[in-house]
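Q: 3D, please:
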Amino acid sequence: MNMPDAVALLRQLQNQERKIIYKSEDGVEVIATQTGKFSPNDFAVGLVLPGQEEFRPTHIRLLIDLYIKKLSNPDGANDLFIAIEKINDGEDPEKLYETLLKHSFTMKFDSPEVNLYYAQLLLIEQDFNFSPPSKKVSRLNPPREYLMRFIRWVASGDDLIDRVIFAGAGRKYPAPERYSKRLIK
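A: You can find the predicted model right below:
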């Protein structure tokens with residue numbers, strides 16, 4: 001579903017309501033559970049891999065997975081980064097996934113399809129948690145730009161993943177402003 005439809009669906013979740021938002025071709029469920037922890041609409045993103053318990057991936061998992069995909073297939077990763085940029089613009093990850101079917105990645109945590117699904121949810125989560133009426137309001141507009149700058153930083157290949165993750169995990173500093181430049185025009 002596109003970004004506006006996903007936002008509308010996620011805003012309707014009731015306290016502690018758990019909903020499967022996407023199910024990948026290989027059976028991975030991408031779930032949202034309303035928590036209200038950081039903002040009234042806050043939700044946790046969950047993944048359920050076939051035969052395993054649900055866990056909650058973070059932006060760090062996404063950044064590392066994108067990095068190792070870039071190492072194993074730079075052209076395929078570039079297409080994946082562009083698809084995430086289009087999701088940031090509001091496009092539907094289910095439709096964008098078709099553009100990635102021609103690529104395979106020898107190193108990965110999750111399929112590109114699952115990356116697209118939970119990247120969309122993580123971007124929405126940023127907007128929910130760092131916009132009014134949240135306690136912490138982002139200086140970036142939209143707030144999801146914070147995560148997108150880290151994704152673009154990984155896409156650039158400018159630094160070792162260690163530096164990107166240190167900044168992203170520790171929230172010691174945001175991704176440099178130069179990564180506010182979109183990957184597509």
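
Q: average model confidence for stretch 6-20?
A: Here stretch 6-20 scores 96 as its mean pLDDT.

Q: swap in stretch 66-86?
A: Average pLDDT, stretch 66-86: 97.

Q: Contacts for that stretch, please.
A: Residues outside stretch 66-86 that contact it (C-beta atoms under 8 Å, 6 or more residues apart in numbering): 93, 96-97, 99-100, 102-109, 112, 115-116, 119, 148, 151-152, 154-155, 157, 161, 164, 182-184. All C-beta spots, glycine's among them, are computed from the backbone N, C-alpha and C.

Q: Show me the helices in this protein, by range?
A: With helices called from DSSP state H, the chain shows them at 3-11, 59-72, 74-88, 93-96, 112-129, 145-156, 161-170.

Q: Could you report the pLDDT at the most centrally placed residue in the chain?
A: With distances taken as C-alpha atoms, centre = their mean, Ala119 lies nearest the centre of the chain, 1.8 Å away. Model confidence at Ala119, given as pLDDT, is 98.

Q: Give me the nearest residue to it, chain neighbours excluded.
A: What sits nearest to Ala119 in space, not counting adjacent residues and going by C-beta to C-beta, 6 or more residues apart in numbering, is Ile84, at 5.2 Å.

Q: Just name the shakiest helix or strand of this structure by mean pLDDT.
A: helix 161-170 (a mean of 85; mean pLDDT, DSSP states H and E).

Q: That one - contacts with which helices or strands?
A: helix 59-72, helix 145-156 (3 or more C-beta pairs under 8 Å, 6 or more residues apart in numbering; DSSP states H and E).

Q: So which of those is the most surrounded?
A: helix 145-156 (a mean of 22; mean count of other C-beta atoms under 10 Å).

Q: who's in contact with that one?
A: 59, 62-63, 66-67, 70, 77-78, 81, 84-85, 88, 119, 122-123, 126, 130, 138, 140, 159, 161, 164, 167-168, 174-177, 179-183.
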